[in-house]
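>>> could you look at this predicted model? Sequence included:
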Amino acid sequence: MDKNANGFPLSHVFGFVMSLVLTFVAAWVALKTSLSFTVVMWIIGTLAVVQAGLQLFMFMHVNEGEDNKTQIINIAYGVFCAVVIIVGSIWVLTSGHAAH
């Protein structure tokens, strides 16, 4: 864990503050700009991916440990599961399978 001399986890606080900033930026983009829906969704999606990466490194300590190969495999599996769930849900909801 990354602590300074008095044991305060400064990297965790930084990660938390950055996560809040990214969340508020996404909310501001969604509520206070006059951009098109597609652009707003792309911006929010990009900020979500950045926030997920930030949390992997700040809170889940991906860059620590001896066996980075296992961590990379676990992250790839998690990304694969997320993509299958998201793409599968969009496919089912948009292709009219519920009408049959």
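Cool, got the structure. Quick caveat, the model's predicted, so the values are computed rather than measured.

>>> is residue 33 in contact with residue 27, as I believe?
No - taking C-beta atoms under 8 Å as the definition, residue 33 is not a contact partner of residue 27, at 10.8 Å. Placement of C-beta: from N, CA and C, glycine included.

>>> any idea of the mean pLDDT in stretch 69-79?
Across stretch 69-79, pLDDT averages out at 85.

>>> ugh, typo on my part, it should be stretch 26-41
Rounded mean pLDDT across stretch 26-41 is 94.

>>> buried ones in that stretch?
26, 29, 40 (16 or more other C-beta atoms under 10 Å).

>>> which of the residues you listed fall in helices?
Per DSSP state H, helices hold the following members of the buried residues of stretch 26-41: 26, 29, 40.

>>> any idea how far the biggest helix by length in the chain is from the middle of the chain?
Using DSSP H to define each element, the chain has its longest helix at helix 68-94. Here helix 68-94 is found 13 Å from its chain centre; the criterion is C-alpha atoms, centre = their mean, to the nearest Å.

>>> quick one: list the elements packing against it.
Contacts defined by 3 or more C-beta pairs under 8 Å, 6 or more residues apart in numbering; DSSP states H and E place helix 68-94 against no helix or strand at all.

>>> what helix or strand is the spatially most central residue of the chain on?
For the chain, residue 52 is the residue whose C-alpha lies nearest the centre (C-alpha atoms, centre = their mean; 2.4 Å). Using DSSP states H and E, residue 52 falls within helix 37-58.

>>> orientation of that helix relative to helix 68-94 in degrees?
For helix 37-58 against helix 68-94, the angle by axes from the mean of the first three to the mean of the last three C-alpha atoms, to 10 degrees is 150 degrees.
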